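Visitor: Here is my input, please return the structure:
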Amino acid sequence: MPREIFERKIKQIQDEILLLGSMVEQATIDAATAFKNRDIATSKTLVEDDQAINDKRFAIENAILILMATQQPLAHDLRQLASMLIVTNELERMGDYAKGIAHNTIRLGIKEIPAPVRDIEKMAEKAVSMLHRSLSAFIKEDIKIAVSLPSEDDEVDALFNKCYRSIVNAMIANPAIIDDSSLLLWIVHNLERFADRVVNICERTVFIKSGEMLEMDSSSDESDEDF
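Guide: Numbering: from 1, shown residues only. This next block holds a predicted model:
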């Protein structure tokens, strides 16, 4: 395969990854907004629409695998294609987190229980902002941005801890809301893990450019059971 054709196919895959990223970003913001408004109809739509994210992931993976098989890439090209596979999987899992938030919003319904709504919104906004910039850095192989972004995960972690304390204190004060409040814990957990996966994308950006697998955040290897 001539080099110019290979590079064109890489560009097409990159565009699809950015499209998948935008789908995940929108799903996450919509899920957080639906939670805030207890919008059950939108939450149900988000759960259904997750299949489109899954389908896009598999289409991208198929294109990458075909390119690997036909081009037999080495060095930088191989690192790039392998990292694209991993990042595509990361994005699909982030979409699952948005679906999980929507699921729990449906389960909560319109019950009035104490919830740190604004801090949850902030977590979603920050995590989505990080994702958007991490994907831009990934495509451009911008190590400077990739290395700087993981420090922002501390902000998401701080919001998570604040939300966690607020929810647990409310549960202690009123044991009758424990079951419903546990759904809130799953929501903030999903957003915290979303940001951890952004860090994983940053690690792959560094790997493509340098060949070095740099561990940027030890929390990325924590349990990832879905909430």
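
Visitor: helix, strand or coil for the residue nearest to the spatial centre of the chain?
Guide: For the chain, the residue sitting closest to the mean C-alpha position, by Cα atoms, centre = their mean, is residue 94 at 3.2 Å. Following DSSP: H, G, I helix; E, B strand; the rest coil, the label given to residue 94 is helix.

Visitor: May I have the predicted confidence score for it?
Guide: Reported pLDDT at residue 94 in the predicted model: 98.

Visitor: List the residues that contact residue 132.
Guide: 21, 25 (Cβ atoms under 8 Å, 6 or more residues apart in numbering). In short, each C-beta sits where N, CA and C put it, glycine included.

Visitor: Give me the buried stretch members for the helix or strand encompassing it, please.
Guide: Applying DSSP states H and E as the criterion places residue 132 in helix 117-140. Neighbour counts over helix 117-140 (16 or more other Cβ atoms under 10 Å) mark 119-124, 126-128, 130-135, 137-139 as buried.

Visitor: Likewise for stretch 206-218?
Guide: By neighbour count with 16+ other Cβ under 10 Å, stretch 206-218 contains the buried residues 206-209, 216-217.

Visitor: where's that stretch relative to the chain centroid, distance-wise?
Guide: 18 Å (Cα atoms, centre = their mean, to the nearest Å).

Visitor: Give the rounded mean pLDDT of it.
Guide: Here stretch 206-218 scores 80 as its mean pLDDT.

Visitor: Who are the packing partners of the one helix or strand residue 148 maps to?
Guide: Here residue 148 sits within helix 143-148, counting by DSSP H and E. Applying 3 or more Cβ pairs under 8 Å, 6 or more residues apart in numbering; DSSP states H and E, one finds that helix 143-148 contacts helix 117-140, helix 178-210.
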